[in-house]
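**Student:** 3D model of this:
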Amino acid sequence: MSESEPQQPGETPARSAPIATPTPPAGAAPTTAAERVPRTGESPAPAADATDGATADPAPADPAPAPAAHSAPLVAGEGVRSASALPREAMEIAAGYAFGGPALDLGALLWDGACLADAQVRIPLPMLNRHGLVAGATGTGKTKTLQLIAEQLAAQGVPVFLADVKGDLSGLAAPGEANDQVRQRSGEVGQDWAGKGFPCEFYALGGLGEGIPVRATVTSFGPVLLSKVLQLNQTQEQSLGLIFHYADQKGLELHDLKDLRAVVAFLTSDEGKPELKNIGGLSTVTAGVILRALTAFEAQGMAPFFGNPEFDVSEFLRTAADGRGQVSVLELPAVQDKPQLFSTFLMWMLADLFNNLPEVGDVEKPKLVFFFDEAHLLFNGASKAFLESITQTVRLIRSKGVGVFFVTQTPKDVPGDVLAQLGNRVQHALRAFTPDDQKALRATVKTFPHSAYDLEETLTSLGTGEAVVTVLSEKGAPTPVAATRLRAPESRMGPVDAAELDRAVKASTLYARYAEAVDPESAYEVLTARETERDAQKRAEAEAAEAEKGDRKGAGRSGQDASMVDQVMGSGIFKSLARSLGTQIGREISRSVFGTRRRR
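**Tutor:** Alright, predicted model coming up:
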């Protein structure tokens, strides 16, 4: 099943999933599989009632204190049993998730061949700003896990930001539909399921795709951030800083990329070089590097993103009228092949939030949690400077009350310095078909705390909608590793159709504010007008000098000669020639502003 297709949470996987292979305590006599299945007097557990999440306890088991060394395989769709008769290790796991404060319910514990509906696996709400990772192979249910967490955050009044690369998260706005699979899954995990839609706003970078356009000005990026994404070296970054400084001092607004090009072109011209002479100057070579970097940047599709009206990222922090958190969905299918565009927006958004939000320390619930689906697009091909910026931001933005979750296929998609900051982990199934896969599996296992499970076996045997979970407890300590059957999302598990999405976008109160791009007077227009004025003044001076020279040489000419000159200058042919010359000069000026003028 493709992960982009709606997940069927209760779907029975094609093969069994051996989940619990706990290590028996020291001194305990191991029990063989033959001795374990079935136990004396044990009867099959009945299915859970979805309304109360409780089931009848199984018949008493043999009075052996130790769990089986090779426990029975778990098969999705098997019965649910109570946690009251669990072995000691399973009881300890269940106790590790019995939080007293507000929390998000992920699902029910999987242990020894059964789903324990009364042993819920949860994440404390205050710990969501300690960041997290949702990982797993394609088709294992990562995106639905993201959807599940986003729903519960919104329900508890926490705004959510989602980067939707594949376009299948727009269903959050519509209620889900009950079916046999949903009913089965909710019964297994003790979930009182009811279809719900959540308050959503849909955005698109620069208006590329369906959504409210998100734009930023070059000025708001600043020289340091822009240097990072342009991959400039230290000298070039300092030169770009001089350009921004000059623009700020002279009141030249840098709204879009053509404004920055105009300023660079002016400062390397004969008229502009003296402007920077006293503060270090700008070499022609460095200016050329910056202009070429801007050209490559635009080739990645960046031009529509820069401009006005600039998006206010505080829009992501809103709640709906009913108190639920607003879910902001950034629709990226139209730009998923432009990773530079996607990465730059994330850098700007994180930096803007970090710079503008106050320090709040530990809070009862986050101010914002945002998820980066397909996080490998964020990091693939990213510069060292970009990675350093992300690492620093993730490390420090927690104190602003913001949590960051990365959603990707394997933990190795996330740089180690970033991975170390992610306190909450939801790991779906991994594949181990190749030596590289097996190496990645072993590396993933090492990132988890000590576990009663055989994690290498467990991670390759999980079914769709199942995961291995460890989070931070209310005290900030890692919880025991818990194999978990996850709840079913209550919103639509698939995208809304294009007409619904279009109606939702245009019905937003933000649409009128950001939909139409505007191009107010800025550096490009100001510098173009100055250059035109200088050129006109030079022409006037040249004409005056020529006229004075002609007066001296033609002082003895007859009035008939002067009359002839007047006739020629007043003729239609002469005026047409002058207009043609002026047009050519105008084109050359325009090309110089865009950095494409021929060498002289």
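**Student:** residue boundaries of the helices in the stretch 301-450 of the chain?
**Tutor:** 339-356, 376-379, 384-396, 416-419, 435-446 (DSSP state H, counting those that start in this stretch).
**Student:** mind showing which ranges of the stretch 201-350 of the chain have poor pLDDT?
**Tutor:** Along the stretch 201-350 of the chain, segments meeting pLDDT under 70 span 278, 340.
**Student:** Indicate which one of the helices of the stretch 301-450 of the chain is closest to Asp118.
**Tutor:** For Asp118, the closest of these is helix 435-446, at 28.4 Å, according to CB to CB. In this view, the C-beta of every residue, glycine as well, is placed from N, C-alpha and C.
**Student:** sorry, back to before: now the helices of the stretch 301-450 of the chain as TSV including mean neighbour count and distance to Ala504?
**Tutor:** Formatted as TSV, the helices of the stretch 301-450 of the chain follow (neighbours: other CB atoms under 10 Å; distance: least, CB to CB, whole Å):
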stretch	mean neighbour count	distance to Ala504
helix 339-356	20	21
helix 376-379	21	25
helix 384-396	17	30
helix 416-419	16	33
helix 435-446	14	38
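**Student:** want to try CSV for these, with distance to Ile290 as columns?
**Tutor:** CSV is the format used below for these (distance: least, CB to CB, whole Å):
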stretch, distance to Ile290
helix 339-356, 16
helix 376-379, 25
helix 384-396, 16
helix 416-419, 29
helix 435-446, 40
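**Student:** Glu531: which of those helices is closest?
**Tutor:** helix 339-356 (30.2 Å).
**Student:** what packs against the closest one?
**Tutor:** strand 200-205, helix 218-230, helix 376-379, helix 384-396 (3 or more CB pairs under 8 Å, 6 or more residues apart in numbering; DSSP states H and E).
**Student:** Next up, the contacts around Leu377.
**Tutor:** Val165, Gln336, Pro339, Phe342, Ser343 (CB atoms under 8 Å, 6 or more residues apart in numbering).
**Student:** for Val121, helix, strand, or coil?
**Tutor:** Under DSSP: H, G, I helix; E, B strand; the rest coil, Val121 falls in the strand class.
**Student:** Contact partners for it?
**Tutor:** Tyr97, Asp105, Leu106, Gly107, Ala108, Leu109, Val469, Ala482, Thr484.
**Student:** Quick one: mean pLDDT for the one helix or strand the third one maps to?
**Tutor:** When elements are defined using DSSP states H and E, Leu106 is found to belong to strand 103-111. Regarding strand 103-111, the rounded mean pLDDT is 96.
**Student:** Then stretch 444-457?
**Tutor:** Stretch 444-457 shows an average pLDDT of 91 in the prediction.
**Student:** what's the answer for stretch 463-471, then?
**Tutor:** 96.
**Student:** roughly how far is that stretch from the heart of the chain?
**Tutor:** 22 Å (CA atoms, centre = their mean, to the nearest Å).
**Student:** how long is that stretch end to end?
**Tutor:** 21 Å (CA to CA, to the nearest Å).
**Student:** please begin residue numbering at 34 from this point
**Tutor:** In the new count, where the first residue is 34, that last one comes out as stretch 496-504.
**Student:** Of all the residues in that stretch, which ones are buried?
**Tutor:** For stretch 496-504, the neighbour count (16 or more other CB atoms under 10 Å) marks Gly496, Thr497, Gly498, Glu499, Ala500, Val501, Val502, Thr503, Val504 as buried.
**Student:** got TSV for these, with distance to Leu429 and secondary structure too?
**Tutor:** Shown next, in TSV, are the buried residues of stretch 496-504 (distance: CB to CB, whole Å; DSSP: H, G, I helix; E, B strand; the rest coil):
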residue	distance to Leu429	secondary structure
Gly496	38	coil
Thr497	36	coil
Gly498	34	coil
Glu499	34	strand
Ala500	29	strand
Val501	29	strand
Val502	26	strand
Thr503	24	strand
Val504	21	coil
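**Student:** Buried ones in the strand or helix carrying Glu122, by neighbour count?
**Tutor:** For Glu122, the host element (DSSP H and E) is helix 121-128. Buried residues in helix 121-128, counted by 16+ other CB under 10 Å: Glu122, Ala123, Ile126, Ala127.
**Student:** So what's the residue count around Thr268?
**Tutor:** Residues near Thr268, counting by other CB atoms under 10 Å, number 12.
**Student:** next one: phi and psi at it?
**Tutor:** The phi and psi values for Thr268, taken as degrees, to the nearest 10, are phi -60, psi -40.
**Student:** Ala575 now?
**Tutor:** Torsion angles, degrees, to the nearest 10, at Ala575: phi -60, psi -40.
**Student:** Please report how far it lies from Pro366.
**Tutor:** Ala575 sits 57 Å away from Pro366, going by CB to CB, to the nearest Å.
**Student:** Look at these two and report which has more neighbours.
**Tutor:** Neighbour count, other CB under 10 Å: between Ala575 and Pro366, Pro366 has more, with 16 against 10.
**Student:** returning to that earlier point: what's the helix holding Glu122 packed up against?
**Tutor:** strand 136-144, strand 147-157.
**Student:** I'd like these as a markdown table, with distance to Asp345 appended.
**Tutor:** Listed next are the helices and strands packed on helix 121-128 as a markdown table, based on distance: least, CB to CB, whole Å:
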| stretch | distance to Asp345 |
| --- | --- |
| strand 136-144 | 28 |
| strand 147-157 | 30 |
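**Student:** between those, which one is nearest to Asp469?
**Tutor:** Closest to Asp469 of those is strand 136-144 (CB to CB; 27.8 Å).
**Student:** now the closest one, how far from the chain's geometric center?
**Tutor:** The answer for strand 136-144 is 26 Å, by CA atoms, centre = their mean.
**Student:** Tell me how many other residues surround the nearest residue to Ala187 once chain neighbours are set aside.
**Tutor:** Spatially, and ignoring its direct neighbours in sequence, Ala187 is nearest to Gly358 (4.2 Å; CB to CB, 6 or more residues apart in numbering). Residues lying near Gly358 (other CB under 10 Å) number 27.
**Student:** Across the sheet, point out what pairs with Gly358.
**Tutor:** Thr352 (DSSP bridges).
**Student:** my guess is Asn222 contacts Ala141, does it?
**Tutor:** Rather than Asn, residue 222 is Val. Yes. Using CB atoms under 8 Å, Val222 is in contact with Ala141, at 4.1 Å.
**Student:** Could you pull out the strands in the chain for me?
**Tutor:** Ranges of strands within the chain are 136-144, 147-157, 165-168, 193-197, 233-238, 245-247, 360-364, 401-405, 435-441, 457-460, 499-503, 515-519, based on DSSP state E.
**Student:** Just want the most central residue of this protein.
**Tutor:** The residue lying closest to the centre of the chain (CA atoms, centre = their mean) is Phe405, at 3.6 Å.
**Student:** So it sits against Leu379, correct?
**Tutor:** Yes. The pair Phe405 and Leu379 passes the contact test of CB under 8 Å, sitting 6.9 Å apart.
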